[in-house]
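A.B. asks: Next comes the sequence, and after it the predicted model I'd like to discuss.
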Amino acid sequence: MPIKKTTEKVDINKRRIINGEDADVIQLYPMKHVFAWDAYNAANANHWLPTEIGMQKDVEQWKAKDVLSDDERHALKTVLGFFTTADSIAANNVVMAFYRHITSPECRLYLLRQAYEEAIHTHSYQYIVESLRLDESEIFNMYREVDSIYNKDAFVLSFNEGIFDPLFKTGTFENDQKFLENIIVFSLIMEGIFFYSSFAVMFGFQRQNKMVGAAEQIQYIMRDESMHLNFGIDLINTIKQEQPELWTKTFQERAIELVKKAAQLEYRFAQTAFPTGIFGMNAESFRQYIEHIADRRLTRIGLPPQFNSNNPFPWMSEAIDLSKEKNFFETRVTEYKTGGVLDWN
């Protein structure tokens, strides 16, 4: 976009999440969408890297014959099978859809940080897989071979159709609604629902003092994803304020149906991950949990709850708040070995 020479100051009232009038996506200040700047600073304060977390105990437990049951091993591998590609899908959407069409410079700043965090998450899953010496071709191909993972990924990727087209532009009623729908799918559903069964599985391991290195990494990922979710909700609610004509009754009904469909897909994934249950958790309790968080996502954007299920995992709300457990930057491992050089002898 060419720079326009002018002495006129930026009018923040003209700034929009999308379709900013004469949008200047370069000039950060003065800000209008302060929530994005706050999110950017909070994310920087929470910076972490997977290789700062030791995996030796996990390696020992994975090698042992009597620590993990077959069901627990199956659950861990299935969760990793979803995770290994999920953040790459999210990153592609951030870079190729969100960043390209959002006209708020402060929102774009946070999106750059979010994209980097998605890369860290993908690095983390590779680090876990490599450390445990899992079959990488098996884990990384699960999104093609395991129906419940494939169906989740195919569902969210279908909403990229058209938006990734180089000729797609916001600015019409139809395209603006399509872009808003994309934000709902990737922020509310992908990051707000599809990750959470897998998070709960990993914290189930953590509560049993099993696979604690992998679980700690997932805990930091969950903290990041919670920020991504909250940022996406802020985007949705701000677009509703800036372009209320998009928030039609038909569009609201469509959003509700998408969340209900996502809850069904996530429930089927839970059945795949632990068909017989682990750690006192089973597919039925996960159904209740999925419905509970789906309702929370809906109410955050002003839509009515659909399930009214109780939360069977109250400890999940605590798992995200790391300050209740420890300060990562005071307890980080300073003498560690990366997965590729861990001792398996």
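C.D. replies: That came through, no problem.
A.B. asks: need the contact list for residue 149.
C.D. replies: Each residue near residue 149 by CB atoms under 8 Å, 6 or more residues apart in numbering is listed here: 78, 81, 82, 142, 143, 269, 272. (C-beta placed from N, C-alpha, C; glycine too.)
A.B. asks: what about 6 Å?
C.D. replies: 81, 82, 142, 143 (CB atoms under 6 Å, 6 or more residues apart in numbering).
A.B. asks: Where helices are concerned, which of those residues count?
C.D. replies: Taking DSSP state H, the ones among the contacts of residue 149 that sit in helices are 81, 82, 142, 143.
A.B. asks: Just name the closest of these to residue 117, please.
C.D. replies: Closest to residue 117 out of those is residue 82 (17.7 Å), distances taken as CB to CB.
A.B. asks: quick one on the thing from earlier: kindly reformat the ones in helices among the contacts of residue 149 as TSV containing pLDDT and distance to residue 171.
C.D. replies: Output for those, formatted as TSV (pLDDT from 0 to 100; distance: CB to CB, whole Å):
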residue	pLDDT	distance to residue 171
81	94	39
82	94	35
142	93	39
143	90	34
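A.B. asks: between the residues you listed, which is closest to residue 257?
C.D. replies: Of these, the one sitting nearest to residue 257 (CB to CB) turns out to be residue 82, at 22.9 Å.
A.B. asks: re earlier: which of the ones in helices among the contacts of residue 149 has the largest number of neighbours?
C.D. replies: With neighbours taken as other CB atoms under 10 Å, the top of the ones in helices among the contacts of residue 149 is residue 81, carrying 27 neighbours.
A.B. asks: Among the ones in helices among the contacts of residue 149, find me the one that's closest to residue 223.
C.D. replies: For the ones in helices among the contacts of residue 149, the nearest to residue 223 is residue 82 (18.6 Å; CB to CB).
A.B. asks: if I pick the closest one, what's in contact with it?
C.D. replies: 149, 198.
A.B. asks: Roughly how far does residue 19 sit from residue 148?
C.D. replies: Note on residue 19: its distance to residue 148, by CB to CB, to the nearest Å, is 38 Å.
A.B. asks: for residue 7, same thing?
C.D. replies: In terms of CB to CB, residue 7 sits 59 Å off from residue 148.
A.B. asks: So between these two, which is more surrounded?
C.D. replies: A direct count of neighbours by other CB under 10 Å for residue 7 and residue 148 places residue 148 higher, at 19 against 4.
A.B. asks: so which strand or helix has residue 103?
C.D. replies: Following DSSP states H and E, one finds residue 103 outside all helices and strands.
A.B. asks: burial count for it?
C.D. replies: Residue 103 has 19 nearby residues by other CB under 10 Å.
A.B. asks: Kindly reformat the contacts of residue 149 as a markdown table containing distance to residue 60.
C.D. replies: Converted to a markdown table, the contacts of residue 149 look like this (distance: CB to CB, whole Å):
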| residue | distance to residue 60 |
| --- | --- |
| 81 | 23 |
| 82 | 25 |
| 142 | 25 |
| 143 | 29 |
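A.B. asks: List of residues touching stretch 249-257?
C.D. replies: Under CB under 6 Å, 6+ apart, the answer for stretch 249-257 is 177, 184, 303.
A.B. asks: wait, what's in contact with residue 241?
C.D. replies: Listed by CB under 6 Å, 6+ apart, residue 241 has no contact partners.
A.B. asks: Please renumber the chain so that the first residue is 38 from this point on.
C.D. replies: With the count now opening at 38, the last piece we talked about shows up as residue 278.
A.B. asks: And the closest residue to residue 171 other than its chain neighbours, how far from residue 235?
C.D. replies: Among residues not flanking residue 171 along the chain, residue 114 sits closest, at 6.7 Å (CB to CB, 6 or more residues apart in numbering). To residue 235, residue 114 is 12 Å away according to CB to CB.
A.B. asks: Which of the two has more residues huddled nearby?
C.D. replies: residue 235 (25 against 18).
A.B. asks: and the residue nearest to that one when sequence neighbours are not counted, what element?
C.D. replies: Counting by CB to CB, 6+ apart, residue 235 lies nearest to residue 116, which is 4.3 Å off, once chain neighbours are set aside. According to DSSP H and E, residue 116 maps onto helix 107-130.
A.B. asks: same thing with residue 73?
C.D. replies: Per DSSP H and E: helix 71-82 holds residue 73.
A.B. asks: No further queries at this time; thank you.
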